[in-house]
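Student: Coordinates for the following, if possible.
(one chain, ligands or ions: 3)
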Amino acid sequence: MSDFISDKPEQVCILGATGSIGTNTLDVIRRHRDKYHVFALTAHRNLEQLKLQCEEFEPKFAVLPEAELADELASFIKYKKLDVEVLQGVDNLEFVASHHQVDTVMAAIVGAAGLLPTLAAAKAGKKILLANKEALVMSGAIFMDAVKKHGATLLPIDSEHNAIFQCLPEHFVEQGIEQCGIHNIVLTGSGGPFLKKDLNQFATITPDEACAHPNWDMGRKISVDSATMMNKGLELIEACWLFDVKPEQIEVVLHPQSIIHSMVRYNDGSVLAQMGNPDMRTPIAHAMAFPERINAGVAPLDFMEISQLTFDRPSQERYPCLALASEAMKKGGNTPARLNAANEVAVQAFLDEKIRFSQISELIQQTLTSTEYDEALTLEAVLAADKFARDYAHQLVQQMVTNH
Ligand SMILES: NC(=O)C1=CN([C@@H]2O[C@H](COP(=O)(O)OP(=O)(O)OC[C@H]3O[C@@H](n4cnc5c(N)ncnc54)[C@H](OP(=O)(O)O)[C@@H]3O)[C@@H](O)[C@H]2O)C=CC1
Ligand SMILES: CC(=O)[C@@H](O)[C@H](O)COP(=O)(O)O
Ligand SMILES: [Mn+2]
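Tutor: Ligands and ions are numbered 1, 2, ... in the order given. Just a heads-up that it's a prediction; the model follows:
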C-alpha cells in the first residue's frame with residue numbers, strides 16, 4: 001500500500017513575519033497557497049506591515065508583544081471584518097509556536113528574543129525552519145537536546161547552513177560527518193561592505209554604510225554583523241551545533257560574490273558546493289518543501305553573467321569579531337551566550353550612534369573578559385549569563401559615550 005499523502009495545506013507559524021526572512025517566507029507561500037496555510041504571524045513594532053499581512057493571509061492568530069500595538073491591530077481587524085484573533089504579550093509567541101494545529105514554525109525573530117518561542121516549537125515537536133541563529137548560539141546544547149528529545153525536525157534557513165545541509169549525505173545525522181568520509185566544512189562569507197575599506201577609516205563608518213551589504217538585503221542587525229564578520233562567527237557556532245562538528249572542522253573562506261553559499265570537502269578530493277543567486281527565497285523554499293523542490297521565484301543562476309568567483313583568507317585585523325566567536329565556541333559553557341549578548345548590545349549602540357564601528361569588537365572582548373565563565377547547562381543559567389553580559393555591556397556603552 002502506498003504511503004498516505006496528505007493534501008491538506010501545512011499550517012505555518014511565522015515568528016518575525018514583518019522582517020526580511022518573514023516577508024520572503026510569505027512570498028514563497030504566496031506562490032504555493034495550495035501547500036501552505038498561514039496559521040499565525042508575529043511581529044514586534046512594524047504594525048503597518050502586519051496589518052497588510054493580516055489582510056492578505058488572514059491567519060488564525062496575529063501576535064504582538066506590546067499591548068498598545070496589539071489593541072490598535074485588533075481595532076483594524078474588527079474594522080476590516082477579518083477572521084483573525086489578536087494576541088498580546090511575549091508568552092503568546094510561545095503559545096502560537098507550540099500550538100497543536102501548527103505543523104511548521106519559521107523561526108525568524110532577530111536576536112535573543114527568538115530563543116524561548118523557538119525552543120517552545122522544539123519542545124512541541126514541530127518542524128522548525130531555523131533562521132534565528134542567535135537561539136542556537138546562546139543555547140546550542142539545550143536546543144539540540146530538545147529537538148532530539150521531542151522529535152522535532154530542524155532545517156537550516158541560514159543560506160550557508162542550508163547549503164551545507166544540501167551538500168551532506170542523507171545519513172550524516174546518524175553516522176556523523178567523519179563516518180561519511182567528510183574532511184571538513186567550508187563556510188563562505190562575503191566580507192561585507194568593508195572588505196577593501198582603509199582600516200584607518202573604520203572609526204567614521206556610519207550605520208547606513210554598515211547596513212549596505214553588497215549582495216544581500218537583510219535586517220539591520222544581521223547587516224552590521226556581516227560588516228564585522230560576527231555573522232560568520234555566529235554561523236561557525238551555529239554550524240558546530242547543527243552538524244555536530246568542532247570549530248577546527250570548519251574553514252571560513254572569503255567569497256565576495258556570495259554565489260557559492262558554502263561547501264563540504266570530502267576525503268576523496270571531491271568538494272560539493274551549493275550555488276545560486278543571493279536570494280533567501282531559495283533556502284526558505286528548500287527547507288519548506290524538503291525533500292521536495294518547489295519554485296521559489298528566484299531567477300536561475302546565469303553563469304555567463306558571473307564574471308568571476310574569488311576566494312581569500314579573512315584578515316584578523318579587519319575582522320576581530322570572527323576570532324572572538326571562534327574562541328568563544330572553543331571555550332564553551334556560557335561563553336557563546338555572553339558573546340551574543342554583548343554583540344547585540346554593541347550593534348544596537350552602534351546603530352543608535354552611541355559607539356563607533358571599531359568599538360563593537362572592543363566592547364564584546366571587554367564583556368567576555370569581565371563576566372563570569374560558567375558551564376551553563378540549564379536554560380536558567382543561559383538566560384542569567386545573557387542578562388549579566390547584557391547589563392555589563394550596557395555599562396560599557398555608557399562609559400564609551402562619556403569618553404567620546
Ligand atoms: N535577513 C536574512 O537574509 C537572513 C537572516 N538570518 C537570521 O534571521 C533572523 C531574522 O533576520 P532578519 O529577517 O534579517 O531581521 P529583521 O530585523 O528584518 O526582522 C526581525 C523580525 O523580528 C521581529 N522582532 C524584533 N525584535 C523582536 C522582539 N523583541 N520580540 C519579537 N519579535 C521581534 C521584527 O518585528 P518588527 O519588524 O515588527 O519590529 C521582525 O519581524 C536573524 O536571526 C538573522 O540572523 C539568517 C540568514 C539570512
Ligand atoms: C543570507 C545569509 O545567510 C546571511 O547570513 C549572509 O551570510 C550574510 O552575508 P555574509 O557572508 O556577508 O555574512
Ligand atoms: Mn548566513
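
Student: Could you tell me the phi and psi values at the closest residue to Phe57 other than its chain neighbours?
Tutor: Excluding the flanking residues, the one nearest Phe57 by Cβ to Cβ, 6 or more residues apart in numbering is Val38, at 4.1 Å. Yep, even glycine has a C-beta here, placed from its N, CA and C like the rest. Backbone dihedrals for Val38, given as degrees, to the nearest 10, come out at phi -80, psi 110.

Student: Val38 contacts Ile14, doesn't it?
Tutor: Yes. Under the criterion of Cβ atoms under 8 Å, Val38 makes contact with Ile14 at 6.8 Å.

Student: can you tell if the lengthiest helix in the chain touches ligand 1?
Tutor: Criterion DSSP state H: the longest helix present in the chain is helix 379-403. No. Helix 379-403 lies apart from ligand 1 when judged by Cβ under 6 Å from any ligand atom; the minimum separation is 13.0 Å.

Student: Now do that helix, average pLDDT.
Tutor: The average pLDDT within helix 379-403 is 95.

Student: Go through that helix and flag the buried ones.
Tutor: Residues of helix 379-403 classed as buried: 379, 381-386, 388-390, 392-394, 396-397, 400 (neighbour count, 16 or more other Cβ atoms under 10 Å).

Student: Report all helices and strands that that helix contacts.
Tutor: helix 133-149, helix 335-351, helix 359-370 (3 or more Cβ pairs under 8 Å, 6 or more residues apart in numbering; DSSP states H and E).

Student: need the next SSE after whatever helix or strand Gln53 lives in, C-terminal direction.
Tutor: Assigned by DSSP states H and E, Gln53 belongs to helix 47-57. Using DSSP H and E, the helix or strand that follows helix 47-57 towards the C-terminus is strand 61-64.

Student: Describe which strands that next one pairs with in its sheet and in which direction.
Tutor: strand 36-42 (parallel), strand 85-88 (parallel) (DSSP bridges).

Student: Pull the residues that contact the longest one.
Tutor: Under the criterion Cβ atoms under 8 Å, 6 or more residues apart in numbering, residues 9-17, 22, 26, 28-29, 50, 53-54, 57-64, 93, 96-97, 99, 101-102, 104, 109, 117, 288 lie in contact with strand 36-42.

Student: In CSV, list the C-alpha atoms belonging to the least confident helix or strand in the chain by mean pLDDT.
Tutor: Taking mean pLDDT, DSSP states H and E as the measure, the chain has helix 172-175 as its least confident helix or strand, at a mean of 90. Taking Å, rounded to 0.1, in the frame of the first residue of the first chain, the C-alpha atoms of helix 172-175 are listed here in CSV:
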residue,chain,number,x,y,z
PHE,A,172,25.1,12.3,8.3
VAL,A,173,22.8,12.7,11.3
GLU,A,174,23.0,9.0,12.3
GLN,A,175,26.7,8.5,11.3
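
Student: Tell me who's in contact with the one residue in the chain that gets nearest to ligand 1.
Tutor: Nearest residue of the chain to ligand 1, counting by Cβ to the nearest ligand atom: Gly19, 1.9 Å away. Taking Cβ under 8 Å, 6+ apart as the criterion, Gly19 is in contact with Ala108, Ile109, Val110, Gly219.

Student: Out of those, which comes closest to Lys127?
Tutor: Nearest to Lys127 among the contacts of Gly19 is Ala108, at 14.2 Å by Cβ to Cβ.

Student: Pretty sure Ile21 is one of the things that closest one touches, is it not?
Tutor: Yes. Judged on Cβ under 8 Å, Ala108 makes contact with Ile21 at a distance of 3.8 Å.

Student: now Thr118: how far from Thr282?
Tutor: As judged by Cβ to Cβ, to the nearest Å, Thr118 and Thr282 stand 22 Å apart.

Student: more crowded one of those two?
Tutor: Using other Cβ atoms under 10 Å, the more surrounded residue of Thr118 and Thr282 is Thr118, with 31 against 24.

Student: Just confirm yes or no for the one helix or strand the more buried one maps to near ligand 1.
Tutor: Using DSSP H and E, Thr118 falls within helix 115-123. No. On the criterion Cβ under 6 Å from any ligand atom, helix 115-123 is out of touch with ligand 1, staying 8.0 Å away.

Student: List the contacts of that helix.
Tutor: Counting by Cβ under 8 Å, 6+ apart, 13, 15, 42, 90, 93-94, 96-98, 102, 105, 107, 109, 128, 130, 132, 134-135, 138-139, 142-143, 146-147, 150, 152, 154, 379 sit against helix 115-123.
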